[in-house]
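>>> how would this look folded up:
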Amino acid sequence: MKAKCFTLAVAIIAIAISLGCAGKLAQKETMLDKHWGSSFESAKYNQLLNPDAGKNLDPVVGLDGAAAQQTMERYREGSQGKASKKVYNLNLGTIGGSGQ
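Numbers count the residues shown, from 1 in each chain. Got it, this is the predicted structure:
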């Protein structure tokens, strides 16, 4: 009896392991897999195209300090104020079967 139980347990474990690994082999290639490392390659090629870019001391065009600070403050305030509780309703029916 013990030998049969042990054999059955080993067979179940072997089947579970083989089925768990089978999904890894049949996965489709995702967009992330197709473009893995492309941002690194893009940055590297841009540096190769313009090796003197670090010598340009002109300021970067974009938000000034005050506008950037306001934007970040609004972002932080917005993320803090929206912490609401989730409400779960559980309807178990009614007594007497009226359904009202």
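>>> for residue 2, the count of nearby residues, please.
A total of 6 residues lie near residue 2 under the criterion other Cβ atoms under 10 Å. The C-beta positions use only the backbone N, C-alpha and C, and glycine is treated the same way.
>>> which pLDDT value goes with it?
pLDDT for residue 2: 84.
>>> look up phi and psi at it.
Dihedral pair for residue 2: phi -70, psi -40, per degrees, to the nearest 10.
>>> likewise for residue 58?
According to degrees, to the nearest 10, residue 58 has phi -70, psi 140.
>>> residue 52 now?
Taking degrees, to the nearest 10 as the convention, residue 52 sits at phi -90, psi 10.
>>> next, the contact list for it, please.
Neighbouring residues of residue 52 by Cβ atoms under 8 Å, 6 or more residues apart in numbering: there are none.
>>> state the distance from it to residue 40.
Residue 52 is 21 Å from residue 40, where distance means Cβ to Cβ, to the nearest Å.
>>> now residue 70
33 Å.
>>> and if you look at residue 55?
23 Å.
>>> low-confidence stretches in this structure?
22-27, 81-84, 95-100 (pLDDT under 70).
>>> residue 49: how many residues sit nearby?
Other residues close to residue 49 by other Cβ under 10 Å number 8.
>>> same question for residue 94.
9.
>>> for residue 33, same thing?
Neighbours around residue 33, by other Cβ under 10 Å: 9.
>>> can you tell me the SS state at it?
helix (DSSP: H, G, I helix; E, B strand; the rest coil).
>>> center of this protein, which residue is that?
The structure's the chain has its C-alpha centroid closest to residue 32; by Cα atoms, centre = their mean the separation is 11.6 Å.
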